[in-house]
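**Q** The following block contains a protein sequence and its predicted model.
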Amino acid sequence: GIDAVFYYSSSVFRQADVADPELATTCLGIVNVFVTIFAIRYMDVAGRKTLLTYSLMGMCASFATLTASFLLKPVFPYMDQLSII
């Protein structure tokens, strides 16, 4: 699961020519903590199925953004910043 993302995140950010891949990985971890706190808090209120549906949509959007940043990088030099978002 998420451990694989964190394990390879520095390599992915390095391939995306991010200026500081370790800082980007740290920011990724901070976002993970806040989203986990949110999910724990609202799991019973919103329901598991609803949270899973929204998280799936978020993952798909993130993967599409990351793919676009890698594919369009030769055309647009600022695409490495897009991979962080």
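**A** Arrived safely. Numbers count the residues shown, from 1 in each chain.

**Q** Please enumerate the helices of the protein.
**A** For the chain, applying DSSP state H gives helices covering 2-15, 21-46, 48-72, 79-82.

**Q** need those in a markdown table with mean pLDDT and mean neighbour count, can you?
**A** C-beta here means a position set from N, CA and C on the backbone, and glycine is covered the same way. Output for the helices of the chain, formatted as a markdown table (pLDDT from 0 to 100; neighbours: other C-beta atoms under 10 Å):
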| stretch | mean pLDDT | mean neighbour count |
| --- | --- | --- |
| helix 2-15 | 85 | 13 |
| helix 21-46 | 87 | 12 |
| helix 48-72 | 87 | 12 |
| helix 79-82 | 68 | 16 |
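
**Q** Nearest to the spatial middle of the protein, which residue is it?
**A** The residue lying closest to the centre of the chain (C-alpha atoms, centre = their mean) is residue 62, at 5.8 Å.

**Q** what's the spacing between it and residue 49?
**A** 20 Å (C-beta to C-beta, to the nearest Å).

**Q** again with residue 15
**A** From residue 15 across to residue 49, the span is 35 Å (C-beta to C-beta).

**Q** Repeat that for residue 19.
**A** 40 Å.

**Q** repeat for residue 40
**A** Applying C-beta to C-beta to residue 40 and residue 49 gives a distance of 16 Å.

**Q** quick one: residue 4 from residue 50, how far?
**A** 25 Å.
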